[in-house]
Each structure stands twice: as C-alpha cells, then as structure tokens.
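Q: Have a look at this prediction, sequence included:
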Amino acid sequence: MEEILKKTGLKVTPARILILETFSGKCEPLSAEDISKKLKKKDIDLVTIYRTLASFEEAGILRKVDLHKESQYYELGEHHHHHIICNKCGFVEELEGCDIEKLASKLVSKSSNFKTIKDHSLEFFGVCKKCS
Ligand SMILES: [Zn+2]
Ligand SMILES: [Zn+2]
Ligand SMILES: [Zn+2]
C-alpha cells in the first residue's frame, strides 16, 4: 500500500494507508460512509475520508463507480471490469471481461469531435435472483 502511494507521489500518512487498505483484497465498491464504518476504531473523520478519496481518484489509484446510489462509490482502478447492481436490494456483482472497446470505436467513428476513446465506465442495473 505504501508503495502505491509513493509511486503516485502522494504523501504517505497513516490515514491514507488505512483508507487504501480498506480496498485491498476484494473489489466491492466502497463509499466514504462504508470506509468510515470499517475504520470506526481508528478515529478518522468523514471529511478526511472524502478528501483522501478525491486525491486517490486524481492520482489514478481509485476510480468512481456509479451505482445510482446517493453516495459516491470507489474501487481500485487497476483491474478493468463492470458491475451489475440490483435495483431492489443494492447487491453488486462484478462482471468479468469487457467487449466494449469494439463498440466504442464504432461509436467514436460517428463522432465529429472525437477520434479516440481512451476509457469508459459502464454499469448495468437489474433485479437479482433473490429479489425477483
Ligand atoms: Zn468492481
Ligand atoms: Zn436484489
Ligand atoms: Zn469495459
């Protein structure tokens, strides 16, 4: 975790390491509130978490995931994938593999203002088996 911070040139602080560590291991997107709950005993206030998440996103460590929820969700940016989210209970599943690139180049060929697409984010919404 320290290595990741050093690579991006961000100052290594105990709070930053703790916040980054909450993302390691699994990949379920987390909101500032989720992190606050996980770090309850560590005495890191929500404002610090918000600020840290924003600087991590700027540094490319985290990316935003739009789950159509009130809070902003983040996850580690290294592993490209998409999600499917249950509209009823909010359950999030990772979708492996991505075929969007082909579609993206087709779309951009119709654009008069863009020549290339460098990145994309796309999440799917539905109803999980438990809820349906
Ligand atoms: Zn994910
Ligand atoms: Zn559900
Ligand atoms: Zn993709």
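A: Here it is on my side, so go on. Ligands and ions are numbered 1, 2, ... in the order given.
Q: what about stretch 57-75, near ligand 3?
A: No - for stretch 57-75, no contact with ligand 3 is found by CB under 5 Å from the ion; the gap never falls below 11.5 Å. The C-beta positions use only the backbone N, C-alpha and C, and glycine is treated the same way.
Q: in that stretch, what counts as buried?
A: 61, 62, 63, 65, 67, 72, 73, 74, 75 (16 or more other CB atoms under 10 Å).
Q: what's the farthest-apart pair in those residues?
A: 61 and 67 (19.1 Å; CB to CB).
Q: you'd agree residue 29 is up against residue 74?
A: Yes - if you go by CB atoms under 8 Å, residue 29 and residue 74 touch, sitting 6.3 Å apart.
Q: Now do the shared contacts for these two.
A: Common contacts of residue 29 and residue 74 (CB atoms under 8 Å, 6 or more residues apart in numbering): residue 65.
Q: So what's the model's average confidence on the longest helix along the chain?
A: In the chain, taking DSSP state H as the definition, the longest helix is helix 46-58. Helix 46-58 shows a mean pLDDT of 95.
Q: And the contacts of it?
A: 10, 15-16, 19-20, 32-33, 35-36, 39, 62-64, 72, 74.
Q: could you dump the buried residues of stretch 57-75 to a markdown table with secondary structure?
A: Formatted as a markdown table, those follow (DSSP: H, G, I helix; E, B strand; the rest coil):
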| residue | secondary structure |
| --- | --- |
| 61 | coil |
| 62 | strand |
| 63 | strand |
| 65 | strand |
| 67 | coil |
| 72 | coil |
| 73 | strand |
| 74 | strand |
| 75 | strand |
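Q: Export these as CSV, with columns for distance to ligand 1 and pLDDT.
A: Below are the buried residues of stretch 57-75 laid out as CSV (distance: CB to the ion, whole Å; pLDDT from 0 to 100):
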residue, distance to ligand 1, pLDDT
61, 14, 92
62, 11, 93
63, 9, 92
65, 6, 93
67, 10, 92
72, 14, 95
73, 9, 96
74, 10, 96
75, 5, 94
